[in-house]
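J.: got a structure for you, letters missing:
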Ligand SMILES: Nc1ncnc2c1ncn2[C@@H]1O[C@H](COP(=O)(O)OP(=O)(O)OP(=O)(O)O)[C@@H](O)[C@H]1O
């Protein structure tokens, strides 16, 4: 089996593209049977990491072992033991769901006598058995993604890699994909390694690593990460944000900033703080929102900005880089 019960073991992994260091020496382990989430804004290095673990990209430095095998030296062993579901669909629309799976089974050398039963199992698991004879081009986006998950499972991999499995899907379909992922964990006892930039979804993972600008900034269960914050988040809409930020610092000793258009800060007990705010801030308040720590706050506490702001800035950086060419 894998090293010390670890399905994935990463040590000092680095990936450089020219001068650009996309992954900057990350180290972590994923336990067998766990749903492990890799969470971070666009451009943080999630896909680059997953591509190295899947043997599609060669690391610049460091090591990674998947299902007990080295991703560089034992590439074929790694490939035999993993399933992939990537962002870009690679299904053949002119084949039926079942034909797509049969083709994949042959590609992966699934023994003939097992193929039929295995196809039935995985199609039932993702709720597509009844639709198996329909051409994939007539499937909805959610059905296609489910078929890809079924395909990724066909050869009974030990580790399933899902790169943003729900991106571009509507909320209802996203939640149904999650039901299948959780069911999968119960039924197949495999390790699931997934990337996402949806904070709400990371909550469903057993553990998550938060990645920002190529570095892991936090790694734990979602509960432990949120409990570690210990403060509520308060957002206020005001007529004068700069004056409100100055007053918060002067009168309450609270450091606030503007995030996503509202003055935002953290205090130990939000509900108790708000009445004082109205009485003492001295700047008109138009709206108030108090929330318990979320994974967004965890990200904020480690990076100083929200994940959406981080996406904005990474897009800006990319635009600048393009302009500089
Ligand atoms: N082949 C490549 N050549 C040059 N730069 C690359 C290449 N692939 C990725 N990058 C850069 O590496 C950084 C990390 O990209 P990566 O795709 O891993 O991020 P990500 O976290 O997966 O983002 P997303 O959520 O948008 O997929 C980005 O700045 C990206 O532009």
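T.: Sure thing, it's come through. Model, not experiment: these values are computed from the prediction.
J.: Run through the residues of the stretch 1-150 of the chain sitting next to the ligand.
T.: Residues of the stretch 1-150 of the chain lying close to the ligand (CB under 6 Å from any ligand atom) are 17, 20, 22, 40, 42, 43, 44, 45, 46, 47, 48. Where you see a C-beta, it was placed from the backbone N, CA and C, and this is true even at glycine.
J.: Enumerate every residue touching residue 27.
T.: 10, 11, 12, 13, 62, 216 (CB atoms under 8 Å, 6 or more residues apart in numbering).
J.: Have a look at the residues of the stretch 1-150 of the chain next to the ligand and tell me the least confident one.
T.: Confidence by pLDDT is poorest for residue 42 among these, given 85.
J.: could you pull out the strands for the stretch 101-250 of the chain?
T.: 159-163, 191-196, 207-212, 215-220, 232-238 (DSSP state E, counting those that start in this stretch).
J.: Same list, these, but as a markdown table with distance to residue 72 please.
T.: Listed next are these as a markdown table, based on distance: least, CB to CB, whole Å:
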| stretch | distance to residue 72 |
| --- | --- |
| strand 159-163 | 17 |
| strand 191-196 | 18 |
| strand 207-212 | 21 |
| strand 215-220 | 21 |
| strand 232-238 | 43 |
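J.: For the residues of the stretch 1-150 of the chain next to the ligand, name the two members farthest from one another.
T.: Greatest spacing in those, by CB to CB: 17 and 40 (17.2 Å).
J.: so where's the protein uncertain?
T.: Applying pLDDT under 70 to the chain picks out residues 1-3, 312-325.
J.: tell me the centre residue of it?
T.: The centroid of the chain falls nearest to residue 196 when counting by CA atoms, centre = their mean (2.1 Å).
J.: residue contacts, residue 149?
T.: Neighbours of residue 149 in contact, by CB under 8 Å, 6+ apart: 85, 126, 160, 162, 165, 177, 180, 181, 184.
J.: Pop out the phi and psi values for the fifth one.
T.: Same thing as residue 165. Note on residue 165: backbone dihedrals following degrees, to the nearest 10 are phi -60, psi -20.
J.: And for the residue of the stretch 51-200 of the chain found nearest the ligand, the neighbour number?
T.: Residue nearest to the ligand within the stretch 51-200 of the chain (CB to the nearest ligand atom): residue 197, separated by 5.4 Å. By other CB atoms under 10 Å, 20 other residues sit near residue 197.
J.: what's the answer for residue 138, then?
T.: For residue 138, the neighbour count with other CB under 10 Å is 10.
J.: do the same with residue 282
T.: Neighbourhood size, residue 282 [other CB under 10 Å]: 11.
J.: and what of residue 44?
T.: When neighbours are counted by other CB under 10 Å, residue 44 registers 28.
J.: quick one: contacts for it?
T.: Applying CB under 8 Å, 6+ apart, the residues contacting residue 44 are 211, 212, 213, 214, 310, 314.
J.: which SS class is the closest residue to residue 226 other than its chain neighbours?
T.: The spatial neighbour of residue 226 that comes closest, neighbours along the chain excluded (CB to CB, 6 or more residues apart in numbering), is residue 293 at 4.6 Å. In three-state terms, and counting by DSSP: H, G, I helix; E, B strand; the rest coil, residue 293 is coil.
J.: Quick one: residues contacting residue 293.
T.: 226, 227, 229, 230, 231, 232, 233.
J.: Now the fifth one. Nearest residue, chain neighbours left out?
T.: Once its chain neighbours are removed from consideration, residue 231 has its nearest residue in residue 266; the separation is 4.0 Å (CB to CB, 6+ apart).
J.: Could you count how many residues lie near that neighbour?
T.: Residue 266, neighbours per other CB under 10 Å, totals 18.
J.: Just checking: what are the partner strands of the helix or strand hosting it?
T.: If you go by DSSP states H and E, residue 266 is part of strand 262-267. Next to strand 262-267 in the sheet, as set by DSSP bridges, lie strand 232-238 (antiparallel), strand 257-259 (antiparallel).
J.: related to what we said a few turns ago, I'd like the contacts of residue 44 laid out as a markdown table, including distance to residue 201 and neighbour count.
T.: Formatted as a markdown table, these follow (distance: CB to CB, whole Å; neighbours: other CB atoms under 10 Å):
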| residue | distance to residue 201 | neighbour count |
| --- | --- | --- |
| 211 | 15 | 25 |
| 212 | 17 | 22 |
| 213 | 21 | 19 |
| 214 | 22 | 22 |
| 310 | 17 | 22 |
| 314 | 19 | 17 |
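J.: Tell me the one of those nearest residue 285?
T.: Distances from residue 285 to these, taken by CB to CB, are shortest for residue 310, at 27.4 Å.
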